[in-house]
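S.K.: Need a 3D model of the sequence below.
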Amino acid sequence: MKKVLFIMFLFIGITTQAQDKKTADKPQIVETACGECQFGMKGKSCDLAVRIDGKPYFVDGTTIDEHGDAHAEDGFCNKIRKASVTGKVENGRFKATSFTLIKEK
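M.R.: Residues are numbered from 1 along each chain as shown. Predicted structure coming up:
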């Protein structure tokens, strides 16, 4: 009987550990721009930032140059844009798992 219980617990433990534990982040719409040029953040060069609930965060997981010319008329250094993002704030930075710039109408 002890062997049967042991095998049952072992089987349950293995199956729960084998399940994928990823959680899907819910996308949110945020303001995005150059942190230094548009959000007044301190930095050494033009860096991508998002503003969530009124607070700006530099972004990890994508760069300002991956989304076009930052110094163009509609670039991040000249204009605040909207983006659909997933990720989390960690150590004062936004760790992006996805970042999709929303096209302007």
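S.K.: correct me, but Asn78 touches Asp69?
M.R.: No. Taking contacts as Cβ atoms under 8 Å, Asn78 lies outside contact range of Asp69: 9.8 Å. Backbone N, C-alpha and C define where each C-beta goes, glycine included.
S.K.: list residues touching both of the two?
M.R.: Residues touching both Asn78 and Asp69 by Cβ atoms under 8 Å, 6 or more residues apart in numbering: none at all.
S.K.: Can you tell me which helix or strand of this protein has the lowest average pLDDT?
M.R.: The helix or strand of the chain with the poorest confidence is helix 2-18; it has a mean of 59 (mean pLDDT, DSSP states H and E).
S.K.: Provide the contact partners of the helix or strand following that one at residue level.
M.R.: The first helix or strand that comes after helix 2-18 along the chain, using DSSP states H and E, is strand 28-34. Contacts to strand 28-34, defined as Cβ under 8 Å, 6+ apart, come from residues 39, 46-52, 59, 64, 70, 76-77, 79-86, 99, 101-102.
S.K.: List buried residues within the residues you listed.
M.R.: 39, 46-51, 59, 64, 70, 76, 81, 83, 85-86, 99, 101 (16 or more other Cβ atoms under 10 Å).
S.K.: Which ones among the contacts of strand 28-34 lie within strands?
M.R.: 48-52, 59, 81-86, 99, 101 (DSSP state E).
S.K.: can I get those in TSV with pLDDT and distance to Ala33?
M.R.: Listed next are the ones in strands among the contacts of strand 28-34 as TSV, based on pLDDT from 0 to 100; distance: Cβ to Cβ, whole Å:
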residue	pLDDT	distance to Ala33
Leu48	97	8
Ala49	98	6
Val50	98	8
Arg51	97	8
Ile52	95	13
Val59	97	11
Arg81	97	6
Lys82	97	10
Ala83	97	10
Ser84	97	15
Val85	97	13
Thr86	96	19
Phe99	96	13
Leu101	95	11
